[in-house]
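Enquirer: Turn this into a structure:
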Amino acid sequence: MITYDEPSGIHGVMASFENADALVAAAGKAREAGYGKMDAYSPFPVEGLSDALDLAPSSRSR
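Expert: Numbering: from 1, shown residues only. Next up is the predicted model:
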């Protein structure tokens, strides 16, 4: 049986932004703060978001 004494930090955060620029800025600041496992969702492509999240290029973004 596996037991856990206490949580090991943040496991997830969700946020909503007024516009694409705010999303890109927040993603960049989070990466600079040391967060590495991030993702973002948008109903349309957001220029600069892949770079802000430090994601590898995707064939879907073309």
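
Enquirer: pLDDT weak spots in this structure?
Expert: Applying pLDDT under 70 to the chain flags residues 1-10, 58-62.

Enquirer: can you give me the helices for it?
Expert: With DSSP state H as the criterion, the chain has helices at 20-32, 49-53.

Enquirer: What are the buried residues along the shortest one?
Expert: Of the residues in helix 49-53, those scored as buried under the neighbour-count criterion (16 or more other Cβ atoms under 10 Å) are L49, S50, A52, L53. For every residue, glycine as well, the C-beta is placed using N, CA and C.

Enquirer: need those residues in CSV with distance to D39, can you?
Expert: As requested, the buried residues of helix 49-53 are exported to CSV (distance: Cβ to Cβ, whole Å):
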residue, distance to D39
L49, 10
S50, 11
A52, 12
L53, 7
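
Enquirer: which of those lies closest to G12?
Expert: Distances from G12 to the buried residues of helix 49-53, taken as Cβ to Cβ, are shortest for L53 (15.3 Å).

Enquirer: one step back: what's the most buried one of the helices of the chain?
Expert: Per residue and on average, the most neighbours among these fall to helix 49-53, with a mean of 17 (mean count of other Cβ atoms under 10 Å).

Enquirer: residues making contact with it?
Expert: The contact list for helix 49-53, computed with Cβ atoms under 8 Å, 6 or more residues apart in numbering, reads 20, 23-25, 27-28, 31, 38-40, 42, 57-58, 61.
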